[in-house]
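Novice: What shape does this take:
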Amino acid sequence: MSARRMAAGASLLAGALTVAWAGFVLARNWPVDGAPPLLLLFAGALAWWGVRRRAGRRLVALVIAAGLVVAAAVAFIRSGVVLDNAVAIGGALVTLALARRAFTVHVPLPAAIPPEHPVLFVNPRSGDGRAERTGLVPAARERGLEVVVLEPGDDLETLVDAARERGADGLAMAGGDGSQAIVARIAAAHDLPYACIPSGTRNHFALDLGVDRDDDIGALDAFGPGAGEHVVDLAEVNGRTFVNNASLGVYAEAVQREGYREAKLRTILDTVPEVIGPDGRALDLAWTGPSGRTHRTAAVILVSNNRYRLGRAIGSGTRPRIDDGLLGIAIAGGAAESGRGLGGRRRPWQDWTASTFEVDSDAPVHAGIDGETVVLDPPLRFAIRPGALRARIAPQHPGASPSAAAPTGVRASVAGLLRLAAGRPVRPSRPESSATG
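Specialist: Model prediction:
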């Protein structure tokens, strides 16, 4: 029996036991004390009210909200069902973990010929010195890669161009996603194979490419025998390439401010009321929704290289595909079209897909692009470049996003687990309904 089939069966069993246990606890303790959830509801509403206000009022609101949370915890403990609920929560977490394991796939990719002169660029400061801790540089040299270690003040683009002129026929980057975007753009421009080495802090691009983020050394095998090639998309805004996403709004405004790195949370809290508070100055960001209506502002605009799965227990925050040829667009704090999120569900955001997207403004726009802070001149024109990048993946790595085979929704997920447990192939549901343009 395969590991995926075993995980699917175990997830179904754990889920059934958890539901049965939760039903038993609910029946045994009926009527349920409504004080804890009500206190938490009030605490959440008050905290949201507070973060949208300035200094004194914010502090008072957050202190009261914290007090309500403590009161809810005390009421919950006094109810005598702490252990019962802990078991139910633990069962739900185990169910989800097993389901994620069951839907994780290893995708065989078309075999690729190894490059003769691959070059690896290493940012030794990325990921708090992760490349040095893992011994990445000597391991790469043992595999025959030329290694270029970045020094303070080096220009990565210049170094990559110089390596290409020396005859590099494969480019790899060990560093954050901002550096990955630079090397990927040059590789795509010259039709060279590219390898993403997950030596950054979060390595989101590596995750959605299907690279094992815990295996820096193994990722070097992307330029070895047996490696596969996955042709994926790149996105751009005003000619600047990004591999993950570009963010506009509260966060992008906050990271531009003096003192952000020394006091991140405080700077973000100070930015929120100035942008979306009742007395704040709304950001001048004009954009057009999928229905054709034009909106003048939003708290957050996220444009991504293919669509992220948002608000789902399985695979949330990842992209099922990065070869779909469409931008993902998510808006929070803007006017929801038809009063609901797309697909008919009430959500605090709306999202859709399109091949292009434009944001206008009367002033330069602060943006966070793949973790780098920039200021862009309007209008901001986003576009997708389908099939631009020849990404190489080590043969032992998954070769697909962790959400590539995960169905959408509870009903489809249960059906998928049943099929897997029965030894039948899963038919992942298509992405949620989206408007394209």
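
Novice: My guess is residue 373 contacts residue 366. True?
Specialist: Yes. At 7.2 Å, residue 373 counts as touching residue 366 under the criterion of Cβ atoms under 8 Å. Any C-beta I mention is one placed from the backbone N, CA and C, and that applies to glycine too.

Novice: what about these two, which has more around it?
Specialist: Neighbour totals were compared for residue 373 and residue 366, and residue 366 leads with 20 against 16 (other Cβ atoms under 10 Å).

Novice: Confirm for me that the more buried one is in contact with residue 248.
Specialist: Yes. The pair residue 366 / residue 248 is scored as a contact, 7.3 Å apart, by Cβ under 8 Å.

Novice: Tell me how far residue 207 lies from residue 110.
Specialist: Computed as Cβ to Cβ, to the nearest Å, the residue 207 to residue 110 distance reads 21 Å.

Novice: Neighbour count: those two, which is higher?
Specialist: When residue 207 and residue 110 are compared for neighbours, residue 207 comes out ahead with 21 against 8, by other Cβ under 10 Å.

Novice: Not counting sequence-adjacent ones, nearest residue to the more buried one?
Specialist: Ranked by Cβ to Cβ, 6 or more residues apart in numbering and with sequence neighbours excluded, the top spatial neighbour of residue 207 is residue 213, at 5.7 Å.

Novice: Just to be sure, that neighbour is in a strand?
Specialist: No. Membership of residue 213 in a strand is not supported by DSSP: H, G, I helix; E, B strand; the rest coil, which gives coil.

Novice: got a list of what it touches?
Specialist: Contact partners of residue 213, counting by Cβ atoms under 8 Å, 6 or more residues apart in numbering, are 198, 203, 206-207.

Novice: what's the answer for residue 117, then?
Specialist: Residue 117 sits in contact with 146, 166-170, where contact means Cβ under 8 Å, 6+ apart.

Novice: Distance of the nearest residue to residue 423 once chain neighbours are set aside relative to residue 11?
Specialist: In space, and not counting its chain neighbours, residue 423 is closest to residue 5: 6.0 Å by Cβ to Cβ, 6+ apart. Residue 5 sits 11 Å away from residue 11, taking Cβ to Cβ as the criterion.

Novice: So for the two, which residue has more residues nearby?
Specialist: More neighbours surround residue 11 than the other of residue 5 and residue 11, with 25 against 17 (other Cβ under 10 Å).

Novice: Remind me which helix or strand that one belongs to.
Specialist: If you go by DSSP states H and E, residue 11 is part of helix 3-28.

Novice: ok, back up a step: list the ones among the contacts of residue 117 that fall in strands.
Specialist: Using DSSP state E, the subset of these located in strands is 146, 170.

Novice: still on that earlier bit, what residues do residue 5 and residue 11 have in common as contacts?
Specialist: residue 102.

Novice: Now do the same contact list for residue 150.
Specialist: Here residue 150 is in contact with 121-124, 156, 159, 175 (Cβ under 8 Å, 6+ apart).

Novice: What is the nearest of those to residue 100?
Specialist: In terms of Cβ to Cβ, no member of the contacts of residue 150 lies closer to residue 100 than residue 175, at 27.3 Å.

Novice: Without its sequence neighbours, what residue ends up closest to the closest one?
Specialist: residue 123 (3.4 Å).

Novice: hang on, isn't that neighbour packed against residue 201?
Specialist: No. Between residue 123 and residue 201 there is no contact under Cβ under 8 Å: 10.9 Å.

Novice: Give the residues shared as contacts by the two.
Specialist: residue 176.

Novice: Neighbour count: the two, which is higher?
Specialist: Set side by side, residue 123 and residue 201 show unequal neighbour counts under other Cβ under 10 Å, the larger going to residue 123 at 21 against 14.

Novice: List the contacts of the more buried one.
Specialist: 131, 150, 173-176, 179, 199-200.

Novice: what about 7 Å?
Specialist: 150, 174-176, 179 (Cβ atoms under 7 Å, 6 or more residues apart in numbering).

Novice: Any chance of the backbone angles for it?
Specialist: Dihedral pair for residue 123: phi -90, psi 100, per degrees, to the nearest 10.

Novice: Would you check how far apart it and residue 179 are?
Specialist: Plainly put, residue 123 is 6 Å away from residue 179 if you go by Cβ to Cβ.

Novice: now residue 325
Specialist: Distance from residue 325 to residue 179, by Cβ to Cβ: 25 Å.

Novice: cool, and residue 9?
Specialist: 42 Å.

Novice: of those two, who's got more company?
Specialist: residue 179 (23 against 18).

Novice: Let me know the helix or strand that that one is in.
Specialist: Using DSSP H and E, residue 179 falls in helix 177-189.

Novice: what comes up buried for that helix?
Specialist: Buried residues in helix 177-189, counted by 16 or more other Cβ atoms under 10 Å: 177-188.

Novice: any idea where the strands of the stretch 101-250 of the chain begin and end?
Specialist: Remark: strands assigned in the stretch 101-250 of the chain by DSSP state E, counting those that start in this stretch are 118-122, 146-149, 170-174, 193-197, 228-237, 240-242, 245-249.

Novice: Parallel or antiparallel, which strands does the third one pair with?
Specialist: I take that to be strand 170-174. strand 118-122 (parallel), strand 193-197 (parallel) (DSSP bridges).

Novice: residues contacting residue 141?
Specialist: So residue 141 contacts residue 147 (Cβ under 7 Å, 6+ apart).

Novice: quick one: pLDDT of it?
Specialist: pLDDT for residue 141: 96.

Novice: Quick check: it vs residue 118, distance?
Specialist: Distance of residue 141 to residue 118, computed by Cβ to Cβ: 11 Å.

Novice: so where do the helices sit in this protein?
Specialist: Taking DSSP state H to define them, one finds helices in the chain at 3-28, 35-51, 55-78, 82-103, 130-134, 136-142, 156-165, 177-189, 204-209, 216-219, 250-255, 264-276, 410-421.
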